[in-house]
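S.K.: pasting a predicted model and its sequence here:
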Amino acid sequence: MTLDELARTNPVLAGAAGVWDGTYRHFDADCRLVDEHAVRLICRVADPALAPYLAVQTNLYTWADGRHEARTFEGVLRDGRMWFDNRLIRGWSGDLEWDQTRRTHLVNWVRTDDADLQFYEMINLSPCGRYKNRVWQWYRDGRLDRRTLVDEVLVDRDWRPYDRPEYTAHLRAARDS
């Protein structure tokens, strides 16, 4: 599937392609800020070199104290949704078809290392496509555990100059074995 084909059925997912810079703000259930850090997202969408995955996203987190972390998530498109089942998460995401603006995307997953923590996210893409805003709600054992607010701005639609082989090495290793 090409990016143009995906844009007809999942415009928010297609619109996520590229490099995004932003800030994550994590709040506890009482709305107290418990963590804040920068993020760079490298979102590879509809790249034949990543088959069988339709989307592969690397999140590069940076904290003010100098800590860094990188996480990569890969998904396959099936029945109009992106499905994730990897070493970090298991779940789905998809554009909200009955949103007439075609700018809302929903996500639901659980952490593979903590199945009691359920995650729901709403992503909104701005009309110009240069800004994304996300709201996460985390539930533990059916109760609100925390919320996360994410604000992002598009840096570049072409993710290739920002990519590094180590971000997706585990995918190539699995494919080549």
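M.R.: Ah, there it is.

S.K.: let me see the contact set for the residue positioned nearest the centre of the chain.
M.R.: Centrality entry for the chain: nearest residue to the mean C-alpha point is Q57, 6.2 Å, by CA atoms, centre = their mean. Applying CB atoms under 8 Å, 6 or more residues apart in numbering to Q57 gives the contacts 16, 41-44, 72-74. The way it works is simple: take the backbone N, C-alpha and C, and place the C-beta from them, glycine included.

S.K.: okay, and it sits in which element?
M.R.: Here Q57 sits within strand 55-62, counting by DSSP states H and E.

S.K.: ok, and for that strand, which residues are buried?
M.R.: For strand 55-62, a neighbour-count test (16 or more other CB atoms under 10 Å) marks 55-60 as buried.

S.K.: can you pull out the helices in this structure?
M.R.: 3-9, 11-15, 169-176 (DSSP state H).

S.K.: send me the second one as PDB with only the CA atoms.
M.R.: These are the backbone C-alpha positions of helix 11-15, laid out as PDB (Å, rounded to 0.1, in the frame of the first residue of the first chain):
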ATOM      1  CA  PRO A  11      -5.700  10.100   6.600                       C
ATOM      2  CA  VAL A  12      -4.400  10.700  10.200                       C
ATOM      3  CA  LEU A  13      -2.200   7.600  10.100                       C
ATOM      4  CA  ALA A  14      -0.900   8.700   6.700                       C
ATOM      5  CA  GLY A  15      -0.500  12.300   8.000                       C
END
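
S.K.: what's that helix packed up against?
M.R.: helix 3-9, strand 89-95, strand 104-111, strand 114-125 (3 or more CB pairs under 8 Å, 6 or more residues apart in numbering; DSSP states H and E).

S.K.: which among these is found nearest to L144?
M.R.: The closest of these to L144 is strand 114-125. By CB to CB, the value is 10.4 Å.

S.K.: which positions within the closest one qualify as buried?
M.R.: Of the residues in strand 114-125, those buried (16+ other CB under 10 Å) are 118-119, 121, 123-125.

S.K.: so how far is it off the chain centroid?
M.R.: 10 Å (CA atoms, centre = their mean, to the nearest Å).

S.K.: right, I'll leave it there.
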